[in-house]
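>>> Got a predicted model here, sequence first, then my questions.
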Amino acid sequence: MIKSKFKLGLSDLFSSLPVIEKSLHFAILFSVICQLISSGFMHVHGDTVLANISGVALLHIYGGLLLIPLALTFTVKVLSRRKCCDLYPWAYGRFDVIKQDIQSLIKLKMPLAKPSGLAACIEGLGIFALLLALVTGGGWYWFLTTQGPSQLLLSIHKLSVTFIQVYFFGHASAALLHLFVWWRK
């Protein structure tokens, strides 16, 4: 019973998304989890040459490279459904809907997902964090294979991955909160 209710909750959580976006969302989720886990078993430093990179690190690198087209496809799909100004309203000076959503949260009410709202803004930040991690990781790998090791690029990539980690746990917490609210109804 609990398992079937959990499936209903997940179905409700993703009910407004097109099927392709749901599929891409779960594929990216799985890939990001694999990337985060594999990164914990890597020991690559700024002066590590390609010949000395471990098998786990190579799996991480190639997994990240495979994630690039997946993330770009997801980004295009999201942008075909939402406008840039809805995902990044703060960049356009539009804070009114975000303020309304925050006021709802202060009143312990779950705000509905809407254009330029908190949910859309968080989605935009997640896409940005994912693309930033992929571009910096891909850039580091390209530089490693063509020019040699780069401490600076690797440091930038590791810093950008911090945003993915924060987003991952924050996004998962928000999803669990939504499921909890849905479950109590």
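Arrived safely, thanks for sending.
>>> what sits up against stretch 118-136?
Residues outside stretch 118-136 that contact it (C-beta atoms under 8 Å, 6 or more residues apart in numbering) are 28, 32, 64, 67-68, 71-72, 74-75, 78, 82, 86-90, 97-98, 101-102, 105, 111, 113-114, 153, 156-157, 160-161, 163-164, 166-167, 170-171, 174. Quick note: C-beta positions are derived from backbone N, CA and C, even for glycine.
>>> tell me the mean pLDDT over that stretch?
Mean pLDDT, stretch 118-136: 94.
>>> How far away from the center of its chain is it?
6 Å (C-alpha atoms, centre = their mean, to the nearest Å).
>>> go on, stretch 153-166?
On the basis of C-alpha atoms, centre = their mean, stretch 153-166 sits 12 Å off its chain's mean C-alpha point.
>>> Okay, buried residues for it please.
Under the neighbour-count criterion of 16 or more other C-beta atoms under 10 Å, stretch 153-166 has 153-154, 156-158, 160-161, 163-164 buried.
>>> can you check stretch 108-121 too?
111, 116-121.
>>> related to what we said a few turns ago, in helices only, show me the contacts of stretch 118-136.
Those of the contacts of stretch 118-136 mapping onto helices are 28, 32, 64, 67-68, 71-72, 74-75, 78, 86-87, 97-98, 101-102, 105, 153, 156-157, 160-161, 163-164, 166-167, 170-171, 174, per DSSP state H.
>>> So how do I select the buried members of the residues you listed in PyMOL?
In PyMOL syntax, the buried subset of the ones in helices among the contacts of stretch 118-136 is picked out as below (16+ other C-beta under 10 Å):
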select buried, resi 28+32+64+67+71+74+75+78+86+87+97+98+101+153+156+157+160+161+163+164+167+171
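>>> any idea how far S4 is from A174?
Per C-beta to C-beta, to the nearest Å, S4 is found 23 Å from A174.
>>> Please give the element, helix or strand, for the residue most central in space within the chain.
For the chain, the residue nearest the mean C-alpha position is G126 (4.2 Å; C-alpha atoms, centre = their mean). For G126, the element it lies in under DSSP states H and E is helix 118-146.
>>> Repeat that for H45.
Assigned by DSSP H and E, H45 belongs to no helix or strand.
>>> ok, it - how many residues close by?
9 (other C-beta atoms under 10 Å).
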